[in-house]
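Student: Take a look and give me a structure for this.
(one chain, ligands or ions: 2)
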Amino acid sequence: MTITHSLGFPRIGVQRELKRAQEAYWAGSLTAQELELTGQELRARHWQIQADSGLAHVPVGDFAWYDQILEWTTFLGAVPARFGQHGQDDVALDTLFRMARGRAPTGTPVAACEMTKWFDTNYHYIVPELAPEQEYRIARSYLFDQVREAQALGHQVKPVIPGPLTWLWLGKGDAFTDGPTDLGKLALLDQLLPVYQQVLAQLQALGVEWVQIDEPALVMDLPQAWRDAYRRVYQALSASGPSVLLTTYFGGLEDNVSVLDGLPVQGLHIDLVRAPEQLDSLASVLGDDQVLSLGVIDGRNIWRTDLDQVKSQVAALAAQRGNKLWLAPSCSLLHVPVDLAVEHELDDELRSWLSFAVQKLDELRVLAAALKASPDTASLQALEVQRVALEQRRNSPRIHNPVVQQRMQGVAELNRGRPVFAKRIQAQQHKLGLPAYPTTTIGSFPQTSEIRVLRRDWRSGALGDAAYQQGIRDEIEKVIRFQERIGLDVLVHGEPERNDMVEYFGELLGGFAFTQYGWVQSYGSRCVKPPVIFGDVVRLAPMTVAWSGYAQSLTAKPVKGMLTGPVTILQWSFVRDDQPRATTCQQLALALRDEIEDLEAAGIGIIQIDEPAFREGLPLRRASWAAYLDWAVDSFRLSTGIVNDETQIHTHMCYSEFNDIIEAIAAMDADVITIETSRSKMELLSAFENFQYPNDIGPGVYDIHTPNVPKESWMVDLMKKAASRLPPERLWVNPDCGLKTRGWPETEAALTAMVSAAHALRYT
Ligand code: GLN
Ligand code: ZN
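Tutor: Ligands and ions are numbered 1, 2, ... in the order given. Sure thing, here's the model as predicted:
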């Protein structure tokens, strides 16, 4: 019989209970015991859901207070000295919170650890801080405690831990400057391996049969020394103790498959959703006594699985390998919402196409039953329901829009190119008449509680359309007058009508749906609710023209129109799986192209298309970068290629590494790019300098994440630094990012100082 299991379950809770409890604890309104109780309840509930789905064993160790990597880092005792950890003491929960957030109910506030994206997901982990000669030990007991906790509830458990090589790969340290694969890190294995062996021995003593060791780094480009290390480590870890399920996801092993050749590991999990082509090569390297676990249910997206297709994909192997074939979601279900059953506002048709964590486990149950020699009737019925839903989805007129299809036929012929920058910029300068070092902002202004209440009341129906529109207009007028008063050169309307830069556009475009509770953990207690792109994307009506046009009518200064770019909308949504991402991106680009055309016609002379997620769309393997960058750049150019020479196109990117993709950024050919640079003191500009980036640049002169008001002299110095590296006539002066999370007093002070800084630069 085929065994089913799961790699991890979302811990946040269907009502975001974990978020609420953590935030209450940080605020001092919940005790540590009460917090612990919430954790226990959530774990028990999630284990039960998983056990009820017939899984052979439930994962333990996927629960985390803030982040599963931080949980493990503290477990290993890898706590940087500034957190004041003493000798052999256990690491306290508040130390963990201070590492994550810089402060906790007890302990001295201190600089938090760095946080960054978990592979190509929107989940962020806390980066382990590594140092040569770092010592490791078992410094917490949560893993063993939770194993006992699950066993006491009657569950078969499978502990889940991050693998030593992935943990090192994710870690950083001053001594390791060569990126994730810095060879120096491998020396730490001598310290690390014995601790892993102790952990495995202790788990075995608790009666654990299988341990899942997560090594997603095995799907990345790895140097040979790292592959060799993998072999060495897993030879050691599978030599004694519980059976080891070496677990990979988010891609294929590809050239790293050599690691497995003759490796005595007891089992291997691979992601068949992302990399179905790896099945044959891996099935043949594994011996008959090794477990092959196939990730067949998409852990990264929310569509119902085509179980017939999976069944035909795995049936032969299931018959051949028997209980040495396991089936699972492709990765931890951390990346999808908890339960579709609580969504009451989705229509039945759309609902029938979707599957969240709870439903995915049920799909797994049905699949396993269907693979039996004589499946039971209920499972056959479930399979039939699934079949009908998928069939309906494939043929639904809600998905296929003939107008969009028609337009897509001719998409290759649509104009993307603009005349050379030197020519355009002349026309733009002639029209706009801006001074040297023009000043602007990134788009949003403080989102006060009054604005939030206004939007909320309008949504709930408590406020009528006319009153709402008047409220937004008043806010726009206030923002325009403010910008005029302090002397900014290029104004914005302030984005008061937007709750979120992707949601706003999604709600106005056809082909999108929204959930009520479809929360996915982004970092710590923060969750996001990504829109669902289910069908052809179509612009139903102008989306921003009225607001931007109104703003422009109030002032003689240029007002910048504000749009979210096609790649960012794609990247921050759940995307349909029945056509390539590139195609969906092109449809988004066409919708934006129409909006840009209308903005221009309405007299908006500057239009900004934000692409903060441009870099995160980059595939994990370098060999796939070019193809992605090709369509991502093309989509941007497809949306902007419609404008006249004198219309100025801006783009904005933040919080990403630009070195690797600078050519693609240049190929987007925006007239102006504003980027976040102040935290690195303009270091990020080196990419633009080395490449001799040809167009205008606004390197952010202050960090918008703090209420601290930057000094004028500090901003002048930063800009001088920029001007020593880039042609001064190409430079703009602006903050790092949007101001929506800031308050008015600091915004006024900071922007006033920024305008003075620009004046000082002009006259020196
Ligand atoms: N225009 C957006 C804003 O100002 C950009 C936000 C972002 O870069 N994430 O809020
Ligand atoms: Zn930004």
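Student: Quick check: Ala602 touching Trp547?
Tutor: No: look at Ala602 against Trp547 with C-beta atoms under 8 Å: they stay out of range, at 10.6 Å. For every residue, glycine as well, the C-beta is placed using N, CA and C.
Student: In the stretch 201-350 of the chain, what residue lies closest to ligand 2?
Tutor: Closest residue of the stretch 201-350 of the chain to ligand 2, C-beta to the ion: His335 (23.1 Å).
Student: residues in contact with that residue?
Tutor: His335 makes contacts with 121-123, 299-300, 520, as judged by C-beta atoms under 8 Å, 6 or more residues apart in numbering.
Student: so of those residues, which ones are in strands?
Tutor: Val520 (DSSP state E).
Student: Out of the contacts of His335, which two sit at the greatest distance?
Tutor: Largest separation among the contacts of His335 by C-beta to C-beta: Asn122 and Gly299, giving 13.4 Å.
Student: Can you pick out the residue with more neighbours from these two?
Tutor: Gly299 (25 against 17; other C-beta atoms under 10 Å).
Student: re the thing from before, lowest-confidence member of the contacts of His335, which is it?
Tutor: Among the contacts of His335, Asn122 carries the weakest pLDDT, at 90.
Student: Spatially, which residue comes closest to that residue, not counting chain neighbours?
Tutor: Ser522 (5.8 Å; C-beta to C-beta, 6 or more residues apart in numbering).
Student: Report the distance from the helix or strand harbouring that neighbour to the chain centre.
Tutor: Element membership for Ser522 (DSSP states H and E) is strand 520-523. Computed by C-alpha atoms, centre = their mean, to the nearest Å, the chain-centroid distance of strand 520-523 equals 8 Å.
Student: Tell me which strands the helix or strand just after it pairs with, and in which orientation.
Tutor: Going down the chain from strand 520-523, the next helix or strand is strand 526-528, by DSSP H and E. Sheet pairing of strand 526-528 (DSSP bridges) gives strand 520-523 (antiparallel).
Student: who does Pro162 bridge with?
Tutor: Beta-bridge partners of Pro162, as defined by DSSP bridges: Asp214.
Student: Neighbours of it, how many?
Tutor: 26.
Student: what sits against the nearest residue to Gln40 once chain neighbours are set aside?
Tutor: The shortest distance from Gln40 to any non-neighbouring residue, by C-beta to C-beta, 6+ apart, is to Glu149 (7.0 Å). Neighbour list for Glu149: 40, 43-44, 60 [criterion: C-beta under 8 Å, 6+ apart].
Student: For the helix or strand containing Glu149, buried residues please.
Tutor: Here Glu149, judged by DSSP H and E, is contained in helix 142-152. Neighbour-count burial for helix 142-152 flags 142-144, 146-147, 149-150 (criterion: 16 or more other C-beta atoms under 10 Å).
Student: Can you give me the pLDDT of the residue nearest to Trp226 when sequence neighbours are not counted?
Tutor: In space, and not counting its chain neighbours, Trp226 is closest to Thr181: 5.8 Å by C-beta to C-beta, 6+ apart. For Thr181, the model assigns a pLDDT of 93.
Student: Thr181: what secondary structure?
Tutor: Following DSSP: H, G, I helix; E, B strand; the rest coil, Thr181 is assigned to coil.
Student: Now do it against ligand 1, distance only.
Tutor: Relative to ligand 1, Thr181 is positioned 30 Å away (C-beta to the nearest ligand atom, to the nearest Å).
Student: And for that residue, the neighbour number?
Tutor: Counted with other C-beta under 10 Å, the neighbours of Thr181 add up to 17.
Student: The one 5 residues further on too?
Tutor: Leu186 sits with 19 neighbouring residues when counted by other C-beta under 10 Å.
Student: Excluding covalently adjacent residues, which one is nearest to it?
Tutor: Spatial nearest neighbour of Leu186, excluding adjacent residues (C-beta to C-beta, 6+ apart): Ala229 at 5.2 Å.
Student: does the one you found really touch Asp190, like I thought?
Tutor: No: counting by C-beta under 8 Å, Ala229 does not reach Asp190; the two are 11.1 Å apart.
Student: The strand holding Ser522 and ligand 1 in contact?
Tutor: No: using C-beta under 6 Å from any ligand atom, strand 520-523 stays clear of ligand 1, coming no nearer than 13.1 Å.
Student: Make sure Leu30 is indeed in a helix.
Tutor: No: counting by three-state DSSP, Leu30 falls outside a helix, being coil.
Student: which residue packs closest to it, ignoring adjacent ones?
Tutor: The shortest distance from Leu30 to any non-neighbouring residue, by C-beta to C-beta, 6+ apart, is to Ala24 (3.8 Å).
Student: just checking, that neighbour touches Thr31?
Tutor: No: shown here, Ala24 and Thr31 do not form a contact pair, counting by C-beta under 8 Å, at 9.6 Å.
Student: Flag every buried residue along stretch 736-744.
Tutor: In stretch 736-744, counting by 16+ other C-beta under 10 Å, buried: 736-740, 742.
Student: Can you pick out the most distant pair from those?
Tutor: Farthest pair in the buried residues of stretch 736-744, by C-beta to C-beta: Asp736 and Lys740, 12.8 Å.
Student: can you give me the strands in the stretch 651-764 of the chain?
Tutor: 672-675, 696-699 (DSSP state E, counting those that start in this stretch).
Student: could you redo the ones you listed as JSON lines and give each row mean pLDDT?
Tutor: Shown next, in JSON lines, are the strands of the stretch 651-764 of the chain (pLDDT from 0 to 100):
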{"stretch": "strand 672-675", "mean pLDDT": "97"}
{"stretch": "strand 696-699", "mean pLDDT": "97"}
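Student: So which of these is nearest ligand 2?
Tutor: Closest of the strands of the stretch 651-764 of the chain to ligand 2 is strand 672-675, at 8.1 Å (criterion: C-beta to the ion).
Student: Does ligand 2 have contacts with that closest one?
Tutor: No: on the criterion C-beta under 5 Å from the ion, strand 672-675 is out of touch with ligand 2, staying 8.1 Å away.
Student: Residue numbering should commence at 54 henceforth.
Tutor: Yes, from this point I'll number from 54; that puts the last item at strand 725-728.
Student: Quick check, central residue of this protein?
Tutor: Asn175 (1.4 Å; C-alpha atoms, centre = their mean).
Student: sorry, back to before: in terms of neighbours, single out the busier of Ala655 and Trp600.
Tutor: Trp600 (23 against 17).
Student: give the contact list for the more buried one.
Tutor: 525, 529, 546, 550.
Student: Swap in 6 Å and give it another go.
Tutor: Residues near Trp600 by C-beta atoms under 6 Å, 6 or more residues apart in numbering: 546, 550.
Student: closest point of the protein to ligand 1, which residue?
Tutor: Gly791 (2.1 Å; C-beta to the nearest ligand atom).
Student: So which elements touch the host helix or strand of Ala519?
Tutor: Element membership for Ala519, per DSSP H and E: helix 518-539. For helix 518-539, the packing partners by 3 or more C-beta pairs under 6 Å, 6 or more residues apart in numbering; DSSP states H and E come out as helix 797-815.
Student: ok, the helix it packs on near ligand 1 or not?
Tutor: No: using C-beta under 6 Å from any ligand atom, helix 797-815 stays clear of ligand 1, coming no nearer than 12.0 Å.
Student: Send me that helix as CSV with only the CA atoms.
Tutor: Written as CSV, here are the backbone C-alpha positions of helix 797-815 (Å, rounded to 0.1, in the frame of the first residue of the first chain):
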residue,chain,number,x,y,z
TRP,A,797,2.9,63.0,9.0
PRO,A,798,5.2,64.8,11.4
GLU,A,799,8.3,62.9,10.5
THR,A,800,7.3,62.8,6.8
GLU,A,801,7.1,66.6,6.7
ALA,A,802,10.4,67.0,8.5
ALA,A,803,12.2,64.4,6.4
LEU,A,804,10.9,65.7,3.0
THR,A,805,11.6,69.3,3.9
ALA,A,806,15.2,68.4,4.7
MET,A,807,15.4,66.4,1.5
VAL,A,808,14.2,69.4,-0.6
SER,A,809,16.8,71.6,1.1
ALA,A,810,19.4,69.0,0.4
ALA,A,811,18.5,69.1,-3.3
HIS,A,812,18.8,72.9,-3.2
ALA,A,813,22.2,72.7,-1.6
LEU,A,814,23.3,70.3,-4.3
ARG,A,815,22.0,72.5,-7.1
